[in-house]
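Participant: No letters, just coordinates:
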């Protein structure tokens, strides 16, 4: 019987596709179902790492869609605008994404209204860190939320390409109606009653179902949209499971990666860009992580974005920065100050998770 692997391309084999290419930099992208043109309206959402994609698109002159901009409306501050297409903040879980579109179109109306912050002001439970100090009162919060959800509708209806970065499976939901929030209110010093919020760690089936429901609604309002998925390579800052954070991180990323793979198998028109594999694979020897082994370095971001340019964008150069050194090999010359400054903006992201390990003030209350 003929060996069925005979004649397969080099990238099908670990030795040729990975081990032999470490010195030049491993490019694991074989094919993408579509490319993004400079005229395409691109919307991004997801975990902290999604912000790297948006800033890279802007830096290269692509049409990054922004539907909510600062207008000086009373009660609002010029914070969080333009970082996301609409000012929704980070969407860490699939449930958050699904509920965002459902809230925007009135399919889901959560009971949570506002969180009274310890220092005064009301935070929107679904985007608690978009504006320091929150809103002055409930009327201003409600008015801003209405403007925001209108901008979310415009985003979903106008985007040609929607890119979602899956970040976490762990999250917190309201005990009354299952409304998903990016942070437990207690992280912000907001007092709660037992049972108000419950921990949820979504498995494969739950995560897949949430994303399928989201995609169905998205395509009902925008049939032409093209969808791309990525998985964030950033580990959990903390876990609420009774186990080591490393185990929780690996479990979470495995579920998210498997869900992305399943969605692409079911619908080959959905693109998957392997940012997770590029950063976390053994070929990098962890050199794309900073000393905390969590933050992705400017060099790592640059390498990921260069491969994204090469395979996902048309009309831009396909320049690849120097690859990470082979494990045990001499370190290359340090990145210059000019190069580091160039990528500094790409590595400074808004991350709600960081509040989990930051000291907070006196309690407020959740409503």
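Facilitator: Good, I have the coordinates. None of these values were measured; they are calculated from a predicted model.

Participant: from here on, contacts and neighbour counts on C-alpha atoms
Facilitator: OK.

Participant: Residue 88: what secondary structure?
Facilitator: Residue 88 falls in the coil class when you classify it by DSSP: H, G, I helix; E, B strand; the rest coil.

Participant: mind checking pLDDT for it?
Facilitator: In this prediction, residue 88 carries a pLDDT score of 95.

Participant: Check residue 82 too.
Facilitator: Predicted confidence (pLDDT) for residue 82: 89.

Participant: State the helix or strand in which the residue lying closest to it once chain neighbours are set aside lies.
Facilitator: Take residue 82 and drop its neighbours on the chain: the residue closest to it by CA to CA, 6 or more residues apart in numbering is residue 66, 6.1 Å away. Under the assignment given by DSSP states H and E, residue 66 is not contained in any helix or strand.

Participant: ok, residue 66 touching residue 87?
Facilitator: No. Under the criterion of CA atoms under 8 Å, residue 66 is not in contact with residue 87, lying 9.2 Å apart.

Participant: Could you check which of those two has the larger neighbour count?
Facilitator: Remark: of residue 66 and residue 87, residue 87 carries more neighbours, 25 against 22, as counted by other CA atoms under 10 Å.

Participant: ranges for the strands of the chain?
Facilitator: For the chain, the strands identified by DSSP state E occupy 42-46, 115-116, 122-123, 161-166, 170-174, 180-181, 190-191, 197-201, 226-231, 271-272, 364-366, in order along the chain.

Participant: and those as JSON lines, adding mean neighbour count and distance to residue 246?
Facilitator: Output for those, formatted as JSON lines (neighbours: other CA atoms under 10 Å; distance: least, CA to CA, whole Å):
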{"stretch": "strand 42-46", "mean neighbour count": "26", "distance to residue 246": "21"}
{"stretch": "strand 115-116", "mean neighbour count": "26", "distance to residue 246": "31"}
{"stretch": "strand 122-123", "mean neighbour count": "26", "distance to residue 246": "31"}
{"stretch": "strand 161-166", "mean neighbour count": "25", "distance to residue 246": "18"}
{"stretch": "strand 170-174", "mean neighbour count": "20", "distance to residue 246": "14"}
{"stretch": "strand 180-181", "mean neighbour count": "27", "distance to residue 246": "23"}
{"stretch": "strand 190-191", "mean neighbour count": "20", "distance to residue 246": "28"}
{"stretch": "strand 197-201", "mean neighbour count": "17", "distance to residue 246": "15"}
{"stretch": "strand 226-231", "mean neighbour count": "22", "distance to residue 246": "17"}
{"stretch": "strand 271-272", "mean neighbour count": "24", "distance to residue 246": "25"}
{"stretch": "strand 364-366", "mean neighbour count": "20", "distance to residue 246": "31"}
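
Participant: And those strands: which comes nearest residue 285?
Facilitator: Residue 285 lies closest, by CA to CA, to one member of these: strand 226-231, at 19.1 Å.

Participant: so what's the backbone phi/psi at residue 18?
Facilitator: As for residue 18, its main-chain torsions (degrees, to the nearest 10) stand at phi -120, psi -70.

Participant: how close does it get to residue 46?
Facilitator: Taking CA to CA, to the nearest Å as the measure, residue 18 falls 29 Å from residue 46.

Participant: just residue 315 next, same as before
Facilitator: Counting by CA to CA, the gap from residue 315 to residue 46 is 26 Å.

Participant: how far does stretch 266-284 stretch from start to finish?
Facilitator: Start-to-end, stretch 266-284 (CA to CA) is 31 Å.

Participant: meant to ask about stretch 153-170
Facilitator: Taking CA to CA as the criterion, the two ends of stretch 153-170 lie 26 Å apart.

Participant: do stretch 172-179 as well
Facilitator: Its first and final residues considered, stretch 172-179 spans 8 Å by CA to CA.

Participant: From the chain's centre, how far out is it? Work that out for me.
Facilitator: On the basis of CA atoms, centre = their mean, to the nearest Å, stretch 172-179 is displaced by 22 Å from the centre of the chain it belongs to.

Participant: same check, this time on stretch 158-170
Facilitator: Relative to its chain's centre, stretch 158-170 lies at 6 Å (CA atoms, centre = their mean).

Participant: again with stretch 302-310
Facilitator: Centroid separation between stretch 302-310 and its chain, computed with CA atoms, centre = their mean, is 17 Å.

Participant: Please state the mean pLDDT value computed over that stretch.
Facilitator: Confidence over stretch 302-310 (mean pLDDT, whole number) is 93.
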